[in-house]
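> following is a predicted model, sequence given first.
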Amino acid sequence: MSELPITSSLKEITAYKKKLCWGDVPSIYHMAASSIGDMDGILTHGFDSAYKQLFNKSNWNITFLEGCKNDNSGPQKPKILLRHCYNEQNYELHCYPIVKGEPVIVPLSQHPLCSFERWSPENMQMLFRVSSLISFIVYTFQSGDEADLALIKFSHKRVQELIHKLSQSFEIVDIKGYSIAEFCKELHSRRPNFTIADMLDNPDQDTE
């Protein structure tokens, strides 16, 4: 991929895709690139998101966190568990608060041992979604080019960067499920007889 550096931006990858396709870019690329672009700008977009809400300290249980000192005698960081989630079309990053050492999947309000004053799984658990990513990965494996591969690598890199940013403010006790790179490697290892259903059926990744 000599014409496309590993540090390429989303805009540069799309420009390279247009060059390879003589301007006739498939709709499946447009859908994936648009969704990845939304995720890429999750911290700079004006609209609110579950990911951005997580950093809102007005919803942190400060009394609980200050009562639990870390090794440096400072307040404890909120403890969370993350999970890479997939369905037949989309990728999502989910988050679960930790209470008594276990991830929570139910609503909580004013729980004395929860790091958050209020936790609503309905609008807080899914931090962000990359729509059409799975179908795009399958398309890339079947007939993709260097730009398609670069877009998948870019999505993986950006997700890892967003997780790293979380780790600066939160104690991530575990990350369940396949990362995007791991998902691609596993899918590739099962060729030519892979099925998405088999990939999604992974009981070892359960957080309940």
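Great, that's in hand.
> buried residues of the longest helix along the chain, list them for me.
Criterion DSSP state H: the longest helix present in the chain is helix 146-169. Buried residues in helix 146-169, counting neighbours by 16 or more other CB atoms under 10 Å, are found at 147-156, 158-159, 162-163, 166. Every residue, glycine included, has its C-beta placed from N, CA and C.
> check stretch 64-82 too.
When burial is assessed from 16+ other CB under 10 Å, stretch 64-82 yields the following buried residues: Phe64, Leu65, Lys77, Pro78, Lys79, Ile80, Leu81, Leu82.
> distance of Glu146 from Asp24?
Distance, Glu146 to Asp24, by CB to CB, to the nearest Å: 16 Å.
> meant to ask about Lys185, not that
Between Lys185 and Asp24 the distance, using CB to CB, works out to 30 Å.
> give me the more crowded residue out of the two.
Higher neighbour count among Lys185 and Asp24: Lys185, with 12 against 7, using other CB atoms under 10 Å.
> so who does Arg158 touch?
With CB atoms under 8 Å, 6 or more residues apart in numbering as the criterion, the residues that contact Arg158 are Ile36, Met39, Asp40.
> so the first one, which of the three states?
For Ile36, the secondary-structure state derived from DSSP: H, G, I helix; E, B strand; the rest coil is helix.
> burial of it, as a residue count?
Residues contacting Ile36 under the criterion other CB under 10 Å number 25.
> the chain: strands as residue ranges?
With DSSP state E as the definition, the chain shows strands at residue ranges 79-86, 91-99, 102-103, 108-109, 118-119, 126-130, 171-176.
> can you say which of those is packed in most?
When the strands of the chain are scored by mean count of other CB atoms under 10 Å, the highest mean neighbour count falls to strand 91-99 (a mean of 22).
> output the below-cut-off pLDDT ranges for the protein.
Counting by pLDDT under 70, the chain shows low-confidence ranges at 1-2, 45-47, 69-73, 191-208.
> just give me the residue right at the centre of it.
Central residue of the chain (CA atoms, centre = their mean): Leu93, 3.6 Å from the mean position.
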